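# build me a model:
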Amino acid sequence: MLEKIFVVLAIIGLFLRVMMWQGGELFLTVALPSLAALYLLASWSVFKHHQQGHHLFLSLLSGLTFLAVFVGILCKLMIWRGGNTWLVGGLSFMAFSKILGLILENRLVRELNSYFRRLFLRYYIIAAAGLIMLFIPYKFIVSVYHRDDPEYVRLYIRYFDHPDSLNYRAEFLQHRRKKFKEEWKVKEYHD
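I've put the predicted structure just below:
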């Protein structure tokens, strides 16, 4: 149930962010880390009572890979650095743990097969979301989020393409300070 609530909150956050409405960042920064924590805790608790080490190892590895993919998705959607690194790492370990799970699935008792089927379904869904986010460039995300300010997009892309240029960085940061100062300006009302 919590999983569905966090997924809905993440979708609402993405919708708000794309529509350039307030609150999208809050929904995303609450929902995606909560999903990551939920999967990490669930992966530990599902097999904690089993004595066989490979069950616990595979379950924890799954939780960690889900965590890495969700952190990568959050970084990409919030335009934070490191999103692609988290996604590549998470998706690589996800592929490894999927192969390991397929090998171990043949050795498991019948009652655990339903767990692995549900786990692999989540693998496919989370891997698809991670791959989509991996191949969406930051430039596109910035152009969608800031489509109301083409100058901001132009300066961001120029700075993104030339991160060592101090002049491009200074121009971008100056425009960004000006843009966000105006957006967050408190309006005074007089009677």
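# other SSEs contacting the longest helix seen in the chain?
Under DSSP state H, the helix in the chain containing the largest number of residues is helix 53-77. Packed against helix 53-77, as judged by 3 or more CB pairs under 8 Å, 6 or more residues apart in numbering; DSSP states H and E, are the following elements: helix 24-46, helix 83-105, helix 113-135, helix 138-145. Where you see a C-beta, it was placed from the backbone N, CA and C, and this is true even at glycine.
# spatially nearest residue to the residue most central in space within the chain (excluding sequence neighbours)?
Nearest to the mean C-alpha position of the chain, by CA atoms, centre = their mean, lies Ile73 at 1.9 Å. Beyond its immediate neighbours in the sequence, the residue positioned closest to Ile73 (CB to CB, 6 or more residues apart in numbering) is Met133, lying 4.9 Å away.
# how is this protein carved up into domains?
The record's domain parsing of the chain by automatic domain parsing lists 2-136, 143-183.
# winner for burial among these?
Among these, judged by mean count of other CB atoms under 10 Å, the one packed with the most neighbours on average is domain 2-136 (a mean of 16).
# Ala42 versus the residue nearest to the centre of the chain, what's the distance?
18 Å (CB to CB, to the nearest Å).
# cool, and Ile11?
20 Å.
# repeat that for Arg17.
Taking CB to CB as the measure, Arg17 falls 27 Å from Ala42.
# and what of Tyr168?
45 Å.
# repeat that for Ser97.
Using CB to CB, one gets 15 Å for the distance from Ser97 to Ala42.
# got it, and Phe120?
15 Å.
# next one: Met133
Going from Met133 to Ala42 by CB to CB gives 22 Å.
# remind me which residues of this structure are low pLDDT?
Per-residue confidence of the chain (counting by pLDDT under 70) places the weak regions at 46-56, 104-116, 182-191.
# rerun that using 80 as the cut-off
Flagging of the chain using pLDDT under 80 yields the residue ranges 43-60, 98, 100-120, 181-191.
# dump the helices and strands packed on helix 53-77 to JSON lines, plus distance to Leu77.
Conversion of the helices and strands packed on helix 53-77 to JSON lines gives the following (distance: least, CB to CB, whole Å):
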{"stretch": "helix 24-46", "distance to Leu77": "6"}
{"stretch": "helix 83-105", "distance to Leu77": "8"}
{"stretch": "helix 113-135", "distance to Leu77": "8"}
{"stretch": "helix 138-145", "distance to Leu77": "7"}
